[in-house]
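Asker: okay, sequence plus prediction incoming.
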Amino acid sequence: MKRLENKGYISSHGKSGDVCSLTQIGVLYVLGKIGKNKGERQD
């Protein structure tokens with residue numbers, strides 16, 4: 001999780017950082033991966 005946080009894909013919160021949520025960059029990354037798997041082209 002720390003690696004994803006360092007790349008900016010997620011942000012962690014909570015007392016010990018055990019709660020994470022996707023950032024806007026993380027959402028775009030996931031959508032790009034889904035599109036690539038379906039054969040769609042993302043520009």
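Answerer: Okay, I see it. Numbers count the residues shown, from 1 in each chain.

Asker: so which strand or helix has the spatially most central residue of the chain?
Answerer: Centroid check for the chain by Cα atoms, centre = their mean gives residue 26 as the closest residue, at 2.5 Å. Using DSSP states H and E, residue 26 maps to helix 24-37.

Asker: how many other residues sit next to the closest residue to residue 19 other than its chain neighbours?
Answerer: Closest residue in space to residue 19, ignoring its immediate chain neighbours: residue 13 at 5.4 Å, by Cβ to Cβ, 6 or more residues apart in numbering. Backbone N, C-alpha and C define where each C-beta goes, glycine included. Counted with other Cβ atoms under 10 Å, residues neighbouring residue 13 total 9.

Asker: in terms of pLDDT, where does residue 13 sit?
Answerer: Looking at residue 13, its pLDDT reads 87.

Asker: same thing with residue 39?
Answerer: 67.

Asker: can you check residue 6 too?
Answerer: 91.

Asker: what about it, distance to residue 23?
Answerer: Going from residue 6 to residue 23 by Cβ to Cβ, to the nearest Å gives 12 Å.

Asker: distance check, the spatially closest residue to residue 12 that is not a sequence neighbour against residue 3.
Answerer: Of all residues not flanking residue 12 in the chain, residue 20 sits nearest, at 4.8 Å (Cβ to Cβ, 6+ apart). Separation of residue 20 from residue 3 (Cβ to Cβ): 12 Å.
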